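Visitor: What follows is a predicted structure for the sequence shown.
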Amino acid sequence: MHKMELTCYAGSLECLKAALESGADSVYVGGESFGRDTLSQEFSREDLIEGIKFAHENNKKVYVTINLLPHNKDFKEFEAYLKTLDELNVDAVIVSEAGTLITVKQLLPEMKIHLGNVSNVYNYETANFWHEQGVDRVVISRELSIKEMETMRLNTPESLELEAYVHGPVIMSYSGRKLITSYLESKGKDNYSSKKKYNLTEEKRQGQYSPVYEDEAGTIFFASRDLCMIEYLDKFIRAGVSTLTIEARLNDEKYVREVVPVYRKAIDDFYNNNFEYNCTEDMLETLKNATPRKHTTGFYLDETVDYD
């Protein structure tokens, strides 16, 4: 059976080191300038250099995210930025649309390319199309079931890696516009502040709060519950998924050091116990205590499981 990679999004250098020290095989980060996305605001060039050095010294990998939906003006600095990433020896870049993919392939033909979840890969035909364009890995839509992931694996070449999110905040929507600022201005209120927390709530779902984040790159809306698939981790492996991802850009180092070891142990136990899997109550309790937010299995199962 194939070896499973565990990767984690890190919003700071401290979280990068914490993730790798806690058992992650790789990390996703956002660099400053073109590569800074809406959730990663604390990675300077110096941090990126130190983080890559730390990772490679420990036989781990660093993947850098590219802006989710770049505008025409962004490409003026893009080539220089890509050359910098190549010089820093990053292991892959993650893109979300064709323009950035084409540019990466033209400028850095040897660079590994991952296609992000914003592209919403729903079926194997789409996955195969992107692979033919030069993508090495696709992040599967979180709206698919594990059964559909298995079908995708059976109908895609082994050279295409499949990645699935298994834990953390779930992105519901992304816009390249600064929507909170626009709303606040229309109401004559103060501008958006990164020091404040913003949430959406529906009239018919009182008590459920969906976090909203904004910066120069745009606005991201999250679901009211975080994803947690620790009880069903073996199903992803059996379905042929090659990489499991923990979303932790919104969280601190303490969260990373609590969550990553649980998934590392779960994966190792599966392989060490002749592919038998047993999720313990201790695992669930550790993940529950790591955040005040409630968990869910989302759309991955036939019936959604909400943890209260």
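Guide: Sure, I can see it. Worth saying up front: this structure is predicted, and the values here are computed from it rather than measured. Residues are numbered from 1 along each chain as shown.
Visitor: which residues sit in contact with Ile94?
Guide: Tyr28, Tyr63, Val64, Thr65, Ile66, Ile113, His114, Leu115, Gly116, Val139 (Cβ atoms under 8 Å, 6 or more residues apart in numbering). All C-beta spots, glycine's among them, are computed from the backbone N, C-alpha and C.
Visitor: could you redo the last one with a cut-off of 6 Å?
Guide: Under the criterion of Cβ atoms under 6 Å, 6 or more residues apart in numbering, the contact list for Ile94 reads Tyr63, Thr65, His114, Gly116.
Visitor: domains of this structure?
Guide: Split into domains by automatic domain parsing, the chain comes to 5-168+226-302, 174-220.
Visitor: possible to save the ones you listed as a markdown table with distance to Asp308 and mean pLDDT?
Guide: A markdown table is the format used below for these (distance: least, Cβ to Cβ, whole Å; pLDDT from 0 to 100):
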| stretch | distance to Asp308 | mean pLDDT |
| --- | --- | --- |
| domain 5-168+226-302 | 6 | 93 |
| domain 174-220 | 12 | 84 |
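Visitor: for those, which one ends up most surrounded?
Guide: Highest mean neighbour count among the domains of the chain (mean count of other Cβ atoms under 10 Å): domain 5-168+226-302, with a mean of 19.
Visitor: For the residue positioned nearest the centre of the chain, which residues are in contact?
Guide: Residue closest to the average C-alpha location in the chain (Cα atoms, centre = their mean): Glu247, at 5.0 Å. Taking Cβ under 6 Å, 6+ apart, we find Glu247 in contact with Tyr9, Gly168, Pro169.
Visitor: What strand or helix carries Tyr63?
Guide: Element membership for Tyr63, per DSSP states H and E: strand 61-65.
Visitor: which residues touch that strand?
Guide: With contacts defined as Cβ under 6 Å, 6+ apart, strand 61-65 is touched by 26-31, 35, 37, 52, 55, 85, 90-94.
Visitor: Could you single out the nearest of those residues to Gly207?
Guide: Gly207 lies nearest to Asp37 out of the contacts of strand 61-65, by Cβ to Cβ, at 29.7 Å.
Visitor: Now do the same contact list for Ser26.
Guide: Under the criterion of Cβ under 6 Å, 6+ apart, the neighbours of Ser26 are Thr7, Lys60, Lys61.
Visitor: pretty sure the first one is touching Leu244, no?
Guide: When you say that, I think you mean Thr7. No. In this structure Thr7 lies outside contact range of Leu244 using Cβ atoms under 6 Å: 7.3 Å.
Visitor: Many thanks, have a good one.
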